[in-house]
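Colleague: After the sequence you'll find the predicted model.
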Amino acid sequence: MRIIIFGPPGAGKGTQAKMVAEHFGIVHLSTGKMFREAINEGTELGKLVKSIIDEGHLVPDQAVVDMVEETISNNNYSKGYILDGFPRTVDQAVAFDNLLERRGESLDMFISLHAPDEELIQRLLSRGEGRSDDTEEKIKTRLEVYKKDTAPVMEYYKHSGIYWAVDGTGSVDEIFQRILSALPVR
Ligand code: ADP
C-alpha cells in the first residue's frame with residue numbers, strides 16, 4: 001500500500017503517518033525527518049539544506065526528488081509506505097508520478113489533513129521539540145510557503161479518484177479513525 005499524507009505544517013501529518021504505518025506494517029517516510037537527520041549527521045545534503053530549513057523555506061525540488069527516488073529504489077518496501085511531507089510542490093508531484101510509472105506502481109490514497117490556521121500555529125508553538133523552524137516568525141513563513149507552493153498539490157490530486165480530505169481537529173485517536181475509514185483496506 002502506498003499512501004501520501006498531506007497538509008499544512010502542524011496538521012498532524014507526522015503523528016498520524018506513524019500510526020498508519022504501524023497499523024499496516026508499512027514504512028513511514030518523512031522527508032523533513034530525513035533532512036533533519038542529514039543535518040545532524042553533517043552530510044553534504046545536510047550542509048546544503050540546513051539554512052533553507054532553518055528559514056522555513058523549501059528545499060529545491062531536485063534535491064528532494066533525488067532523495068525520495070534513492071530511498072525508494074534502494075530499499076525493498078514490499079508492504080508499501082506512507083509519505084509525509086512529500087510531494088510539497090506540483091513539480092514534485094509530477095516527478096513522483098513519473099517515478100511510480102517507471103516502477104510500474106501506483107498510489108492507493110492521498111489523505112489531505114486540514115485544520116484552521118490558529119490551531120496550526122498553536123500546535124507548532126507548543127510542540128516543544130526544539131526545532132529551529134518552530135519559532136513564531138519561521139512558522140509564519142512556513143504557512144505562507146504552504147499556501148503559495150504546497151496547497152496547489154491538492155488540486156493536482158483532487159480529481160485522481162484517490163483524494164480524501166480528513167478533518168484534522170479533535171483527538172489524535174479521532175483523527176486516526178477518520179483516516180482509517182477513508183482507506184480502502186482497514
Ligand atoms: P512541517 O510539516 O511541520 O513543516 P516537515 O518535517 O515536513 O515539517 O518539514 C520541515 C522542513 O523540511 C520544511 O519546512 C522544508 O524546509 C523541508 N522539507 C521537507 N520536505 C520537503 C519537500 N518535500 N520539499 C521541500 N522541502 C521540504
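Modeller: Received the coordinates, thanks. Residues are numbered from 1 along each chain as shown.
Colleague: Could you verify my assumption that Val153 touches Phe6?
Modeller: Yes - taking contacts as C-beta atoms under 8 Å, Val153 lies within contact range of Phe6: 6.6 Å. Every residue, glycine included, has its C-beta placed from N, CA and C.
Colleague: Quick check: residues of the chain near the ligand?
Modeller: 9, 13, 30-32, 35, 52-53, 56-59, 64, 85-86, 88, 92, 133, 142 (C-beta under 6 Å from any ligand atom).
Colleague: switch the cut-off to 8 Å
Modeller: Residues of the chain found near the ligand (C-beta under 8 Å from any ligand atom) are 7-11, 13-14, 30-33, 35-36, 49, 52-53, 55-61, 63-64, 68, 84-89, 92, 124, 131, 133-134, 142, 145-146.
Colleague: Where does Pro87 sit: helix, strand or coil?
Modeller: Three-state call for Pro87 (DSSP: H, G, I helix; E, B strand; the rest coil): coil.
Colleague: Which single residue of this structure ends up nearest the ligand?
Modeller: Gly32 (1.8 Å; C-beta to the nearest ligand atom).
Colleague: Read off the pLDDT value for the residue nearest to that residue when sequence neighbours are not counted.
Modeller: Leaving out its chain neighbours, the residue that sits closest to Gly32 by C-beta to C-beta, 6 or more residues apart in numbering is Gly85, at 4.6 Å. Looking at Gly85, its pLDDT reads 98.
Colleague: what does Gln92 give?
Modeller: 98.
Colleague: My reading is that it is in a strand; is that accurate?
Modeller: No - Gln92 is assigned helix when assessed by three-state DSSP, not a strand.
Colleague: can you give me the helices in the protein?
Modeller: Ranges of helices in the chain, per DSSP state H, are 13-24, 31-41, 44-55, 61-74, 90-103, 117-126, 136-145, 152-158, 172-182.
Colleague: For Met109, find the nearest of the ones you listed.
Modeller: Closest of those to Met109 is helix 172-182, at 7.0 Å (criterion: C-beta to C-beta).
Colleague: buried sites along the closest one?
Modeller: Ile175, Phe176, Arg178, Ile179, Ala182 (16 or more other C-beta atoms under 10 Å).
Colleague: which stretches of this structure aren't confidently modelled?
Modeller: 186 (pLDDT under 70).
Colleague: Understood, closing this out.
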